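1. Here's my sequence, what's the structure:
(2 chains)
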Amino acid sequence: MTDGPAAEGNGEQAATAGRGAPVLFVRGLETHFPVTGGLLRREVGRVRAVDGVDLDLHPGETLGVVGESGCGKSTLARTLLGLVPPTGGTIRYRGEDVHALDGVAERRYRRRVQLVLQDPVSSFDPRMTVGAAVAEPMAAHGLRDPARRRERVEGLLRQVGLDPSTRERYPHELSGGEKQRVALARALSVDPEVLVLDEPVSALDVSVQAEILALVRRLQDRFDLAVLLISHDMTVVRQVADRLAVMYLGRFVERGPAEVLFEDPLHPYTRALVDAIPEPTPHARRSSPTLHGDVPDPSDPPSGCRLHPRCPAVIPPDDLAIDQATWRRVHEFHAAVAADGVGLESIRRRVAAGRVISEVQALRRGVREAYDLPDDLGDRAAEAALADAVASVVQGEREAALATLESHFESVCAEREPLLEERGAREVACHLVEDGRR
Amino acid sequence: MALLEVADLSVRFRTDRGTVVALDGVDFSVDRGETVCLVGESGSGKTVCCSSLTRLLPSPPAQVEGAVRFDEEDLLAASERRLRAIRGGRIAHVFQNPQSALDPVYAVGDQLVEAMTIHGVATGTAARRRAVDILDRVGIPDPAARVDDYPHELSGGMTQRVVIAMALAADPDLLVADEPTTALDVTTEAAILDLLAELAAERDLAVLLVTHDLGVVAGIADRVVVLYAGKVMERGTVEAVFDRPAHPYTRALLESLPGADADPRPIGGSLPDPRSPPAGCRFHPRCRYAVDECRDGGQPPMHAVDAAAATAEAVHAASCVHHRDAGGGGDAPVGRELPWLATGQPTAEDAHD
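-> Sure, this is the predicted structure:
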């Protein structure tokens, strides 16, 4: 049972050696959703929600998966639970391929891996008492004696810090925190080995979040659970996770021991998430956000490193002699041209008022203003190329603009996808780290 | 006189199982160019307070008493017709879930144009031009193209920007934002808060922002009003409230926040039943510093925390018996029974830089 994973293992192996076999062993997991179009509903594209994920989960540890909405975290959870079929890769539970399980073995898997969701309101039947809701999975998995079920329900409610009399109440009578406690009791009712928590505290007050997360810790110790905690909120994972995996557009970009990633995030995305943690003091008002724009469409992820259009640390070409902030803006302009989203119409409207120069000149200036590009980059060759590209954009010659930008401003980040590489205790996928620039 | 003056505002709901007192004698004010945060746990009455300002609560069942004076006009006495002009016109609301604030079957530009037409700001092509300008101002990239997008084509952060744009469409004087960033990613939250702060400064806008998250308050507020079970527990400038929290409830809220160094300390217990709130201070059943005096009578009056520094606008006050001597000018240290205040200096964990 243990030799299978060891033979196939790679990167994660070093970090997990000596801890025995993982409960869940995942390699190259892919979950793509087809995008159909046209009369015949032919596949016209794919949403790559999970696109090549490796992870190991051991008993007694908490792995936090963080990333913004739309990064594929919830799809990952759903795929692990078998609620969504993977389109590639393997999931092994205690050495067995989950995809091949059937009958008794499949039922056992479904019992051993339990899910708790974000919204405590919609996860309960409003007409079912708390006791019935907690007992339901037990009945479904074969505990038929009502007296024993009831005894167990009361025991479970006590474990999650509720009075056993809560059994007789209905979901609407409970606060959000109490509902989430009941959801945990229900998940624990069938003796799971793995608990997948998908944004378990996002719907709760900050003041209640800490209580629920402390409870998760306590339950994990008592039942030796493997916990996969999914959240967009770094402050939540910081409170419970032993290890952290940072997910962006279907892939892990950095992973390792939680304290290492919080203390010294190497990937610019991890750093941006850590920097976005609000400081609860009026003396450290936040600096402006370091990530530009939104998560792009996962059906058409950017080339190279998927973060590059938003990355504050995107790498300039070697021969370019301009500062990082200006380069970053040139890159942003480049990315907009590549995505055919310069917004010339908006710029035309903006410059139309109070124009004293020719329209072409006004537009060229407008484009530079819209992307915060200086009148002169300072580097002669680069300035010539940029002026050329801006002129092409204004004339509507996108292809020409793109060709110019590509030949002068192509970043390694847009060309080649970085792979996860070991750096001490963690792994990170970033060209900055590959090149030893950090 | 401040732009918005709320005095002794109470909201009760009559239900089959007794009267729910959602808000009980709340006072606060918001002036032009300042951001006031109402903060407290779910169920403390924050949202009811926001919705009762422009009488958005259906009445009955809600019984609203007290006074809401906006630009010297009593809104609780105003006619429904007058209120319709004020809502969305001079007082704009932004709610927590941006998707539900927009109509899914109209392009965002059409919704902006509609808002401007209703409030008589602009019509036709002028309104459309203005819609693009406002989208541009709230940070929507390529607004001339996005103006034709439908709400489902926008991300959560972009949708909230559009909702803020709609709120600004009629050039309001007061923006009431109820948990505007709770449904958003942390990275987006920071950007939306920055936007609100910029707009408030640029348009001399009064902002009333409701949140349960003190991290948000710290980032944006000028003044803070802490609510608990329908009562004001503490008020003051953001610096005063964070550096010298005077009410044990405020202190407990701050301690429940996850910080880099200390583990968060849960408050414990939960809000009282709004049908039968406890006698005395409403927080006493959960308070570590409760003494006998806290357990009977009504909620203690607001005591000035630091009488010497108190000015009319920025008074730091708390509804806690431990501060009752503060205004007397005696030599006794303020709030001496509250350990973190006993020395008269911020404690080590309160000190910054």
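2. For the stretch 151-300 of chain A, what lies in contact range of chain B?
-> Counting by Cβ under 8 Å from any Cβ of the partner chain, the stretch 151-300 of chain A comes close to chain B at A:175-178, A:205-211, A:214, A:232-236, A:238-239, A:272-273, A:276-286, A:288-289, A:291, A:293-295. C-betas here are computed from N, CA, C, even on glycine.
3. Keep only those of the residues you listed that are in strands.
-> When those are checked against strands using DSSP state E, none is located there.
4. Which residue of chain B lies farthest from its centroid?
-> B:Thr125 (36.1 Å; Cα atoms, centre = their mean).
5. For it, what is the enclosing helix or strand?
-> For B:Thr125, the enclosing helix or strand under DSSP states H and E is helix B:124-137.
6. Give the next helix or strand downstream of that helix.
-> helix B:143-146.
7. got the contact list for the very next helix or strand once past that following helix?
-> Next in sequence after helix B:143-146, counting helices and strands by DSSP H and E, comes helix B:156-168. Contacts with helix B:156-168, where a contact means Cβ atoms under 8 Å, 6 or more residues apart in numbering or on different chains, come from A:69, A:294, B:88, B:92-95, B:98-99, B:101-102, B:108, B:111-112, B:115, B:131, B:134-135, B:137-140, B:146, B:151, B:154, B:175, B:180-181, B:183-185, B:188, B:191-192, B:195-196, B:199, B:203.
8. Buried members of these into ChimeraX, please.
-> The command below creates a ChimeraX selection of those among these that count as buried (16 or more other Cβ atoms under 10 Å in any protein chain shown):
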select /A:69,294 /B:88,92,93,94,95,98,101,102,108,111,112,115,131,134,135,137,138,139,140,146,151,154,175,180,181,183,184,185,188,191,192,195,196,199,203
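9. Okay, and which of the contacts of helix B:156-168 map to strands?
-> Judged by DSSP E, the contacts of helix B:156-168 include B:Ala92, B:His93, B:Val94, B:Leu175 as members of strands.
10. how many neighbours does the residue in the stretch 301-438 of chain A positioned nearest to chain B have?
-> Closest approach between the stretch 301-438 of chain A and chain B, counting by Cβ to the nearest Cβ: A:Gly343, at 3.1 Å. When neighbours are counted by other Cβ atoms under 10 Å in any protein chain shown, A:Gly343 registers 21.
11. Walk me through the domains of chain B.
-> Per the record, chain B has its domains at B:1-82+B:173-353, B:97-171, by automatic domain parsing.
12. Would you single out the least confident of those?
-> Set side by side, the domains of chain B give their lowest mean pLDDT on domain B:1-82+B:173-353, at a mean of 83.
13. Just list whatever residues bridge to residue 226.
-> With no chain named, the answer covers chain A. Per DSSP bridges, the residues bridged to A:Ala226 are A:Val194.
14. if you could check chain B rather than the one you did, that'd help
-> Partner residues in beta bridges with B:Val226, using DSSP bridges, are B:Val39, B:Glu234.
15. what about it, neighbour count?
-> B:Val226: 26 neighbours (other Cβ under 10 Å).
16. got a list of what it touches?
-> B:Val39, B:Gly40, B:Val232, B:Met233, B:Glu234, B:Arg235, B:Val241, B:His247, B:Tyr249, B:Thr250, B:Leu253.
17. Could you let me know which of the residues you listed ends up closest to B:Leu9?
-> Nearest to B:Leu9 out of the contacts of B:Val226 is B:Val232 (Cβ to Cβ; 10.1 Å).
18. Isn't the closest one up against B:Asp24?
-> No - between B:Val232 and B:Asp24 there is no contact under Cβ atoms under 8 Å: 9.3 Å.
19. Mutual contacts of the two, please.
-> With Cβ under 8 Å, 6+ apart as the test, B:Val232 and B:Asp24 reach no residue in common.
20. OK, now which residue of the stretch 201-350 of chain B is nearest to chain A?
-> B:Gly215 (3.3 Å).
21. just the stretch 51-200 of chain B next, same as before
-> Counting by Cβ to the nearest Cβ, the stretch 51-200 of chain B gets nearest to chain A through B:Asp142 (3.1 Å).
22. mind listing the helices for the stretch 101-250 of chain A?
-> According to DSSP state H, counting those that start in this stretch, the stretch 101-250 of chain A carries its helices in the segments A:103-112, A:130-140, A:146-159, A:176-188, A:206-223, A:234-240.
23. In the longest one, which residues are buried?
-> It stands for helix A:206-223. A:206-216, A:219-220.
24. Closest to A:Ala362 out of these?
-> A:Val206 (49.0 Å).
25. you'd agree the closest one is up against B:Leu214?
-> Yes - in this structure, A:Val206 is within contact of B:Leu214 by Cβ under 8 Å, at 7.1 Å.
26. circling back: quick one: residues contacting the residue of the stretch 301-438 of chain A closest to chain B.
-> A:Ala336, A:Ala370, B:Pro141, B:Asp142, B:Pro143, B:Ala144, B:Ala145.
27. how about low-confidence regions in chain A?
-> A:1-19, A:120, A:285-289, A:353-356, A:435-438 (pLDDT under 70).
28. Now the residue nearest in space to the middle of chain A: phi and psi?
-> Nearest to the geometric centre of chain A sits A:Gly67, at 3.0 Å (Cα atoms, centre = their mean). Here is the backbone geometry of A:Gly67 (degrees, to the nearest 10): phi 170, psi 170.
29. Which one of the helices of the stretch 101-250 of chain A lies nearest to B:Asp31?
-> Nearest of these (Cβ to Cβ): helix A:206-223, 27.8 Å.
30. Now do the residue in the stretch 151-300 of chain A that chain B sits nearest to against A:Asp323, distance only.
-> Using Cβ to the nearest Cβ, A:Pro278 is the residue of the stretch 151-300 of chain A that sits closest to chain B, at 3.3 Å. Separation of A:Pro278 from A:Asp323 (Cβ to Cβ, to the nearest Å): 29 Å.
31. The two - which one has more neighbours?
-> A:Pro278 (23 against 10).
32. still on that earlier bit, ok, the ones in strands among the contacts of helix B:156-168 vs A:Gly37, which is closest?
-> Using Cβ to Cβ, the ones in strands among the contacts of helix B:156-168 come closest to A:Gly37 at B:Val94, 35.5 Å.
33. tell me the pLDDT at the closest one?
-> pLDDT at B:Val94 comes out at 90.
34. tell me the contacts of it?
-> B:Ala101, B:Gln160, B:Val163, B:Ile164, B:Ala167, B:Leu175, B:Val176, B:Ala177, B:Asp178, B:Pro180.
35. for B:Val68, what are its contacts?
-> B:Val68 neighbours (Cβ under 8 Å, 6+ apart): B:Leu4, B:Glu5, B:Val6, B:Leu9, B:Ser52, B:Leu53, B:Asp74, B:Leu75, B:Leu76.
36. Do a quick rundown of the strands in the stretch 201-350 of chain B.
-> B:206-211, B:223-228, B:231-237, B:303-304, B:317-318 (DSSP state E, counting those that start in this stretch).
37. if we can go back for a sec, identify the spatial nearest neighbour of the residue nearest to the centre of chain A, chain neighbours not counted.
-> Spatial nearest neighbour of A:Gly67, chain neighbours left out: A:Met247 (3.8 Å); criterion: Cβ to Cβ, 6 or more residues apart in numbering or on different chains.
38. of the helices of the stretch 101-250 of chain A, which approaches B:Glu80 most closely?
-> Short answer: helix A:176-188, nearest of the helices of the stretch 101-250 of chain A by Cβ to Cβ, at 34.5 Å.
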